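Enquirer: no FASTA, just this:
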């Protein structure tokens, strides 16, 4: 039986890393690491140490403790790999509620559609059309750990599509996995002579520690376990003009060597911290805000050739009117050998409620 795929390139982009690098141990369901919202996407996919917003669930749920709003919801949309096809997309719905100054809860739903796939016989007789997809549902709990520090834990349920051929017929199955994230966030006011009411923030997350995905054999494949570290400084020049540069580092926790294929998730993640240090991605981003109402953003995401050769520039803008926040982002690939991501755009809208007036001094327990 032959399988005809309408968008062969996107499917190869998503699936083949599991198959073609036999010498390396590769993770699966890498779509879980794709930036879902326009704000962070405009910052080069940085979000671990940026200021809290409604989409912090994906990046660092511990940031919710330092949110200046008591709650909010956000919806984002991304046409994915639009250079090759038009019906692959990602939607992300998230929301949080900060029910006191020390605790917050949040939830999110991420849906990834891989578009249409047509199945044919050897004689090119049409059998059926499948529309595989993945979705992940998250819930998180965040708590203040000190005057300037918070922590969070996120639990994730993942449902993905598995396509096999049985008795010359395509069989579409759904597989389920569970995972968890651990996150920490530190933020404090700092004083500069040129910006007396500024902020310094650090963020760290370990993501997608979870059950193996059974794709083709009993050993299974690891989820895209990773660790992220980030730092941000927000310069408050005159209570009107704000500039927030951020630097972030991303490292996969899936070890390089295929001999760890049968290892437990924890032992593999521990090994992954020290293996392949040259495969650490670096992200630079900056956000300018005027009166916390108009935003301009830019970023650069760099991955070496040993990772995926995905290096790109990002740009974006946002506008906030009362409690409504609109954002858009655009991605420009800097390496001509990998243009599938070129011209990717994202759109986000958020609604928040409740606010505090004195942002800089609001660090009471």
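Expert: Sure thing, it's come through. Computed from a prediction, not measured in an experiment: that's the story for all the values here.
Enquirer: partners of the strand or helix carrying residue 128, with directions?
Expert: Of the helices and strands defined by DSSP states H and E, residue 128 is found in strand 126-130. According to DSSP bridges, strand 126-130 has the following sheet partners: strand 117-120 (antiparallel).
Enquirer: which helices and strands does the helix or strand that the strand holding residue 128 is followed by pack with?
Expert: Once strand 126-130 ends, the next helix or strand along the chain (criterion: DSSP H and E) is strand 133-144. Helices and strands touching strand 133-144, as assessed by 3 or more C-beta pairs under 8 Å, 6 or more residues apart in numbering; DSSP states H and E, comprise helix 56-59, strand 103-113, strand 149-166. C-beta coordinates here come from the backbone N, C-alpha and C atoms, glycine included.
Enquirer: format the ones you listed as a markdown table; extra columns: mean pLDDT.
Expert: As requested, the helices and strands packed on strand 133-144 are exported to a markdown table (pLDDT from 0 to 100):
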| stretch | mean pLDDT |
| --- | --- |
| helix 56-59 | 96 |
| strand 103-113 | 95 |
| strand 149-166 | 86 |
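Enquirer: just send the ones you listed back as JSON lines, with distance to residue 33 and mean neighbour count too.
Expert: Formatted as JSON lines, the helices and strands packed on strand 133-144 follow (distance: least, C-beta to C-beta, whole Å; neighbours: other C-beta atoms under 10 Å):
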{"stretch": "helix 56-59", "distance to residue 33": "10", "mean neighbour count": "30"}
{"stretch": "strand 103-113", "distance to residue 33": "11", "mean neighbour count": "20"}
{"stretch": "strand 149-166", "distance to residue 33": "12", "mean neighbour count": "17"}
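Enquirer: so for residue 227, which of those sits nearest?
Expert: Nearest to residue 227, of all those, is helix 56-59, at 13.1 Å by C-beta to C-beta.
Enquirer: distance to residue 254 added to the helices and strands packed on strand 133-144, as JSON lines?
Expert: Below are the helices and strands packed on strand 133-144 laid out as JSON lines (distance: least, C-beta to C-beta, whole Å):
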{"stretch": "helix 56-59", "distance to residue 254": "19"}
{"stretch": "strand 103-113", "distance to residue 254": "20"}
{"stretch": "strand 149-166", "distance to residue 254": "16"}
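Enquirer: now do the strand holding residue 128 against strand 149-166, angle only.
Expert: Angle of strand 126-130 versus strand 149-166, following axes from the mean of the first three to the mean of the last three C-alpha atoms, to 10 degrees, is 170 degrees.
Enquirer: all strands of the stretch 201-350 of the chain, in order?
Expert: 226-236, 241-252, 281-290, 294-302, 312-321, 324-333, 345-353 (DSSP state E, counting those that start in this stretch).
Enquirer: tell me which of those lies nearest to residue 151.
Expert: Of these, nearest to residue 151 by C-beta to C-beta is strand 226-236, at 14.9 Å.
Enquirer: hmm, who's touching the longest helix seen in the chain?
Expert: When the chain is parsed with DSSP state H, its longest helix is helix 265-274. With C-beta atoms under 8 Å, 6 or more residues apart in numbering as the test, helix 265-274 has contacts from 206, 209-212, 222, 225, 227, 251-255, 260, 263.
Enquirer: pretty sure residue 134 contacts residue 158?
Expert: Yes: the pair residue 134 / residue 158 is scored as a contact, 7.1 Å apart, by C-beta atoms under 8 Å.
Enquirer: which residues do those two both contact?
Expert: If you check residue 134 and residue 158 against C-beta under 8 Å, 6+ apart, the residues they both contact are residue 29.
Enquirer: mean confidence for the longest helix of the chain?
Expert: Taken as a whole, helix 265-274 has a mean pLDDT of 82.
Enquirer: near the spatially closest residue to residue 276 that is not a sequence neighbour, how many other residues are there?
Expert: Excluding its sequence neighbours, the residue lying closest to residue 276 (C-beta to C-beta, 6 or more residues apart in numbering) is residue 256, at 4.6 Å. Per other C-beta atoms under 10 Å, the neighbour tally for residue 256 reads 18.
Enquirer: correct me, but residue 256 touches residue 275?
Expert: Yes: the pair residue 256 and residue 275 passes the contact test of C-beta under 8 Å, sitting 5.1 Å apart.
Enquirer: wait, a helix at residue 40?
Expert: Yes: per DSSP: H, G, I helix; E, B strand; the rest coil, residue 40 lies within a helix segment.
Enquirer: ok, the closest residue to residue 260 other than its chain neighbours to residue 351 distance?
Expert: Among residues not flanking residue 260 along the chain, residue 268 sits closest, at 5.2 Å (C-beta to C-beta, 6+ apart). Distance of residue 268 to residue 351, given as C-beta to C-beta, to the nearest Å: 40 Å.
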